[in-house]
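>>> predicted model follows, preceded by the sequence.
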Amino acid sequence: MNEVGKTRSASGRVVSNKMDKTIAVTVERRIKHPLYKKYIRRSTRLLAHDAGNDCQEGDMVVIEECRPLSKNKSWRLVKIVERAV
């Protein structure tokens with residue numbers, strides 16, 4: 001269980017910003033295959049709240065978990081780490 005005041009955060013790449021005040025972020029992680037011991041990339045697509053519509057596709061961002069803002073959206077944009085070229 002998380003302590004009070006500790007929120008989960010994740011970093012990933014913006015894959016869609018077509019919604020109003022919402023971005024879709026792909027978070028990639030590496031897991032080791034249980035039998036073959038090879039690392040495999042797994043990804044999760046999360047919807048995050050972008051209040052100022054600041055993000056563009058391809059930006060690297062940091063998001064943090066928050067209360068549910070809509071049916072599918074319970075993450076909030078913290079900062080943009082790197083802008084897309």
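Yep, that arrived. Residues are numbered from 1 along each chain as shown.
>>> may I have the residues that are in contact with Asp59?
The contact partners of Asp59, taken as C-beta atoms under 8 Å, 6 or more residues apart in numbering, are Arg13, Val14, Ile80, Val81, Glu82, Arg83, Ala84. C-beta coordinates here come from the backbone N, C-alpha and C atoms, glycine included.
>>> swap in 10 Å and give it another go.
Contact analysis of Asp59 by C-beta atoms under 10 Å, 6 or more residues apart in numbering lists Gly12, Arg13, Val14, Asn17, Ile23, Val25, Leu77, Ile80, Val81, Glu82, Arg83, Ala84.
>>> please apply the same query to Thr26.
Contacts of Thr26 (C-beta under 10 Å, 6+ apart): Gly12, Arg13, Val14, Val15, Ser16, Ser43, Thr44, Arg45, Leu46.
>>> tally of neighbours for Glu64?
14 (other C-beta atoms under 10 Å).
>>> tell me how far the one helix or strand it maps to lies from the chain's centre.
Per DSSP states H and E: Glu64 is located in strand 60-65. Distance, stretch centre to chain centre, for strand 60-65: 5 Å (C-alpha atoms, centre = their mean, to the nearest Å).
>>> repeat that for stretch 20-36.
9 Å.
>>> give the buried residues for that stretch.
Thr22, Ile23, Ala24, Val25, Val27 (16 or more other C-beta atoms under 10 Å).
>>> any low-confidence regions in this protein?
Applying pLDDT under 70 to the chain picks out residues 1-3, 5.
>>> what about 80?
1-5 (pLDDT under 80).
>>> can you give me the strands in it?
9-19, 22-32, 39-49, 60-65, 73-82 (DSSP state E).
>>> show me which of the contacts of Thr26 is closest to Asn53.
Val14 (11.6 Å; C-beta to C-beta).
>>> let me see the contact set for the most centrally placed residue in the chain.
Central residue of the chain (C-alpha atoms, centre = their mean): Val25, 4.2 Å from the mean position. Taking C-beta under 10 Å, 6+ apart, we find Val25 in contact with 10-17, 44-48, 50, 55, 59-63, 75, 77.
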